[in-house]
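Peer 1: Provided below are the primary sequence and the corresponding predicted coordinates.
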Amino acid sequence: MNWLLVAAGGAVGTLCRYGLARLGMRLAGESWFPWGTFAANVLGSFLLGVVFVAAEGRSVLGVDARLVLGTGVMGGFTTYSSFNLEALKLLTESGLGKGGAYLAGTLVCCLGAGAVGLAAGRAMS
């Protein structure tokens, strides 16, 4: 049953990421910055922090919800592989400035969003 929960959550997360990427392209146009992937990873870092704490000890969410939302939805929503490819592309095609900005921005914002997500999850518990 756990496999089905993770798969169902992953399908939802993947569709949400696709929608966010399309929205990012529509809003930012032909920007050099991959806003869709960046937004998915920052938002996903925040939400995973909330899910982790809210499911910890089953205070708000149970183990099944953690599998569906954390492993499934957030696993499908966030994307290291796209981040990696886009960072390498920016570094090689646009130089250290733009590539470095994407790398640093993603690292700082995702860590910050994750910390805020953990705090929000604790506040909900």
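Peer 2: Everything's here; your move. Numbering: from 1, shown residues only.

Peer 1: use CA for all of it now, contacts and neighbours both
Peer 2: Noted.

Peer 1: so where's the protein uncertain?
Peer 2: 57-60 (pLDDT under 70).

Peer 1: Can you show me the helices along it?
Peer 2: 2-28, 35-55, 63-65, 75-77, 80-93, 96-124 (DSSP state H).

Peer 1: Turn those helices into CSV, including mean neighbour count.
Peer 2: Below are the helices of the chain laid out as CSV (neighbours: other Cα atoms under 10 Å):
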stretch, mean neighbour count
helix 2-28, 17
helix 35-55, 23
helix 63-65, 17
helix 75-77, 24
helix 80-93, 15
helix 96-124, 17
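
Peer 1: which residues touch stretch 65-80?
Peer 2: 2, 5-17, 37, 40-41, 44-45, 47-48, 51-52, 55 (Cα atoms under 8 Å, 6 or more residues apart in numbering).

Peer 1: Stretch 9-29 too?
Peer 2: So stretch 9-29 is contacted by 35-37, 39-40, 68-69, 71-78 (Cα under 8 Å, 6+ apart).

Peer 1: redo that, cut-off 6 Å
Peer 2: Trp35, Gly36, Val68, Gly72, Val73, Met74, Gly76, Phe77 (Cα atoms under 6 Å, 6 or more residues apart in numbering).

Peer 1: So of those, which two are at opposite extremes in space?
Peer 2: Spatial extent of the contacts of stretch 9-29 (Cα to Cα) is set by the pair Trp35 and Val68 at 25.6 Å.

Peer 1: If we ignore the residues flanking it in sequence, what's nearest Leu96?
Peer 2: Leu90 (7.9 Å; Cα to Cα, 6 or more residues apart in numbering).

Peer 1: thought that neighbour was touching Gly99?
Peer 2: Yes - using Cα atoms under 6 Å, Leu90 is in contact with Gly99, at 4.6 Å.
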